[in-house]
Structure formats: C-alpha cells, structure tokens
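Participant: Dropping the sequence and predicted coords here.
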Amino acid sequence: MQSPALLLPARPSNEPESLAEYCSRGGYDGLAAAKDKGAAWLRQEVDASGLRGRGGAAFPTIRKWQLAADAVGDEKYVVANGGEHEPGSNKDRYLVERHPHAVVEGLALAGLATGATKGYLYLIEDMAGPRASAEMALREANEAGLLPFPIEIHCGPTTYVAGEETAALNSIEGEPAKPRKKPPFPGEAGLFGKPTTVNNTETLAHVAWIARNSGADFAAIGTEESKGTLLFTLSEQVEKPGVYELPFGATYRELIEGCGGGLKDGHTVRAILPAMSAAFLDGAHLDVPIAYETLGPLGSSPGCGGVRIVDETTDVVALTLEIAEFFMKEQCGQCPPCRMETNQFVHILKAVQASKGPGYDAKMTRLANFSKRKGHCSLIEMAAAPVISALSCFANDFAEAAGPGAQES
Ligand SMILES: Cc1cc2nc3c(=O)[nH]c(=O)nc-3n(C[C@H](O)[C@H](O)[C@H](O)COP(=O)(O)O)c2cc1C
Ligand code: SF4
C-alpha cells in the first residue's frame, strides 16, 4: 500500500525540524488560515476530517472540541498530551523530538478552535530529547510572533497513569498525577476548574495537517470509519525497529514485513498485541485491514500503535504475566476494584505458571466483568483486555501450563 507521509515526511536529517524547515513545507499556513477564517471554520474542517484521538481511546476530536468551545468562561485551557509511557510505544516521543513545530501548531489550532487562553505541552520527566526540541520550537514560534496565546511545557512524573488526561491536569496544578473521578469531564471543568481540551500530540499534529490541507483531503485517506494515518512503533523484535506511519486500512503484515523487514532470526508471527492495553489478535488476522471497524469486532483496537509480536518461541503465559505485572505496578491505588483486579490477575497467573491454577479462566473472567467501569480511569479495563484475550488466543498453552483439570472452576 502507498503510504502517505502526513506526519513523518522524508528528510535528509534526523535533527529536530526547525521553524524554517517546517515553514518550507507549509508549516503554520493552517494556523494563519484559522486566524483568518475563524474557529467555526476550523471546527468544520476537523469535523469533515473524521479525525479521532490517537491517545488510545479514539474519541472523535470534534466532539471534545465542541464541548469546550460551547463551555462559557473567560479562561480556558488546551493541553497537548505527550505523557507516553506505555511499553513498546515511542511515537509521541519521536514526533515531539523530530517534529516539534507540528505539535505546537496543532496545539495553537486546538486552542483557537475551543477559545483557549493558555496552552500546555505535557511531557514526562524522562523525555530530555523531546523537551529540548519542544523548547526550541516554542522559542522560535514565539520570536516569530506565531502563537495566539502563551504555551508552557510541563513535565509530569514518569509513570503510566500520569498520561491519563486528568492525571496530567492534576500534575500541571502541582498535585500528584492521579486520575480524577469523572464527571466532570475536562471540557466542562478541567485545569484549575476551567474548560480544558486535552489532545494527544499525534492528534494535534494531524490537526495542523488538516488546517493546512483540508478535512476532505484527510477523510480521503484511510477506511470508511477510520480516517487518515496512524503512527506505529515496532520494537527490536523486527529487523528494522522504529516508528512508522501507515494509513488506516493497511495490515499488520504490511507493517511488520514491509516496514519492519520481518521478524529477526526468521521467526514467524503467531499473534499480535496491537498495543499493551489492547487485546491479542491471532496471527490469522495479519491481513485484516487495521481500522476501528475491523479490529473492534475482533475485541481489539489499534490503541496507541505500540505493537508487540508473539512468535513461535514466545512463552505466552510468561508474557501475559509480565503484562499483568506492569498494570499491577502502574495502577495508582485510588480505586479498590482496580487494586484487587490487577493484583489478582498476577496472583492467578503465577498459580497457572506453577501448575496450581484450578478455574483460572473463570476466575479471571469474573474479575474482569466485576471490575468494568468501577475505576476513576480506564486502566481497569486496559489491564483486562490483554489478559482475558490471552486466555482464548492461547487457550492450549494456558491449559497445558495450569495442569490437568485446571479449567474447571
Ligand atoms: C492509564 C492511562 C494512560 C494514558 N496515557 C496516555 C498518554 O500517555 N498519552 C495520551 O495522549 N493519552 C493517554 N491516555 C488517554 C488520555 O486520558 C486521553 O484520552 C487522551 O490524551 C486524549 O487525547 P486524544 O483524544 O487526542 O486521543 C491514557 C489513558 C489512561 C487511562
Ligand atoms: S482505575 Fe486504577 S489506575 Fe485508574 S484511578 Fe483507579 S486505581 Fe488509579
């Protein structure tokens, strides 16, 4: 498949893109057009684009923007969320480090569309490279008088949950980076209690492209319900690890073989985890077009695109335990059902590994069903997705590890 490069154009250098280089490819033309044509025009273009958030939940960008635009208030905020800390995902770091102006322009556009008076670029503490690039971009954009309102960088702690939007808002307010109970949603009462729009940095870079081109041009790329391109991260499992941009409708085979050069040492794909917080897809789905409407019915989603590959040598019970341990460690402790679920998953999976796991699948499924929607944030569901899907995707491996009769509860 021909890959349109909306966010990652071919360049002679890996240095952070300067203002001059960004402007030479039309950078900040979209912001100039929006200043000229107004917020309603910009919202119309983003509505026509069909853009959905790239932070993992795929929420329609225009719905979030409209909520904040309709909210009454003299002060409003906009936040670019670059708090990426999902194992296997490197796309936000890469984007901010290499193309900081695209994110800054998108943030300024989101602010114009929603009536924001101040913006924040939210990163986490271990992001020295992205932070340096973002500082350079803000300095250049300020000196050129491009920004319609002040934009500050804020670095939150290096934890997974600090990337959740209300945890990010708490961190900016100087509070511990833990998710807030919702409602109210940030569009109604967010940062310092004011209407706030939080968008992922990749989402915002797409907004800059849409304003520069058009919503219709963006909607022409991708599939019926999944528009534009998506960034993916491939790890050291493949010959050519890195961050790649593909249009929706491409397949995991194209990503892994075409972009990544295939698995190292001639291994073969047995299953795919599209993102740490998604559900496993059997290798038979390598040629399914990647889109919300195709992966959703399979119980999965593209998530934030940090792809993990299961090959014929992977110990899938150990991998599932590793994932469960990650969520147990990263949950923030505020909600008893989340603490219980994530701890119990680890406990039960360890029992399976030790061949002492009677009824493991019924117990874990019951836990996941009980916990649904009982947390302040969706980590509680994110933790269940890979674990519960592993039980069916690798049913024989689990049954063998758990020992005879272990599936009967
Ligand atoms: C535990 C957890 C971690 C998250 N981490 C991130 C993150 O690192 N970056 C991000 O943009 N969104 C993250 N999200 C999603 C955000 O809460 C929010 O939905 C997103 O920033 C909205 O942007 P979007 O609509 O452009 O996708 C996380 C959510 C949860 C529950
Ligand atoms: S669901 Fe889990 S991670 Fe989210 S706020 Fe509650 S305890 Fe923290």
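Facilitator: Perfect, I can see it now. Ligands and ions are numbered 1, 2, ... in the order given.
Participant: ok, longest helix in this protein?
Facilitator: What stands out as the longest helix in the chain, according to DSSP state H, is helix 336-353.
Participant: helices and strands around the helix or strand that that helix is followed by, which ones?
Facilitator: Scanning forward in sequence from helix 336-353 by DSSP states H and E, the next helix or strand is helix 360-371. Counting contacts by 3 or more CB pairs under 8 Å, 6 or more residues apart in numbering; DSSP states H and E, helix 360-371 is packed against helix 336-353, helix 379-393, helix 395-402. C-beta here means a position set from N, CA and C on the backbone, and glycine is covered the same way.
Participant: buried ones in the first one?
Facilitator: Within helix 336-353, the residues scored as buried using 16 or more other CB atoms under 10 Å are 338-339, 341-342, 344-346, 348-349, 351-353.
Participant: Residues of the stretch 151-300 of the chain that sit close to ligand 1?
Facilitator: Residues of the stretch 151-300 of the chain found near ligand 1 (CB under 6 Å from any ligand atom) are 160-161, 163-165, 198-200, 203.
Participant: okay, those in JSON lines with distance to Arg253, secondary structure and neighbour count next?
Facilitator: Formatted as JSON lines, these follow (distance: CB to CB, whole Å; DSSP: H, G, I helix; E, B strand; the rest coil; neighbours: other CB atoms under 10 Å):
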{"residue": "Tyr160", "distance to Arg253": "29", "secondary structure": "coil", "neighbour count": "23"}
{"residue": "Val161", "distance to Arg253": "33", "secondary structure": "helix", "neighbour count": "22"}
{"residue": "Gly163", "distance to Arg253": "29", "secondary structure": "helix", "neighbour count": "24"}
{"residue": "Glu164", "distance to Arg253": "32", "secondary structure": "coil", "neighbour count": "25"}
{"residue": "Glu165", "distance to Arg253": "33", "secondary structure": "helix", "neighbour count": "27"}
{"residue": "Val198", "distance to Arg253": "34", "secondary structure": "strand", "neighbour count": "27"}
{"residue": "Asn199", "distance to Arg253": "30", "secondary structure": "strand", "neighbour count": "29"}
{"residue": "Asn200", "distance to Arg253": "26", "secondary structure": "strand", "neighbour count": "28"}
{"residue": "Thr203", "distance to Arg253": "26", "secondary structure": "helix", "neighbour count": "25"}
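Participant: thinking Thr61 is in contact with Thr203, fair?
Facilitator: Yes. Counting by CB atoms under 8 Å, Thr61 touches Thr203, with 6.0 Å between them.
Participant: list the residues that contact both of those two?
Facilitator: Contact criterion CB atoms under 8 Å, 6 or more residues apart in numbering; residues bridging Thr61 and Thr203 by contacting each: 51, 53.
Participant: between the residues of the stretch 151-300 of the chain next to ligand 1, which is closest to ligand 1?
Facilitator: Gly163 (2.4 Å; CB to the nearest ligand atom).
Participant: Quick check: the closest one vs Val198, distance?
Facilitator: Applying CB to CB, to the nearest Å, the value for Gly163 to Val198 is 10 Å.
Participant: same question, Thr251
Facilitator: Using CB to CB, we find Thr251 at a distance of 31 Å from Val198.
Participant: Output the set of residues of this structure in proximity to ligand 2.
Facilitator: Counting by CB under 6 Å from any ligand atom, the chain sits next to ligand 2 at 161, 179, 331-335, 338, 375-377, 379-380.
Participant: and for Gly163 and Val198, which residues touch both?
Facilitator: The contact sets of Gly163 and Val198 overlap at Asn81 (CB under 8 Å, 6+ apart).
Participant: Cheers, nothing more for now.
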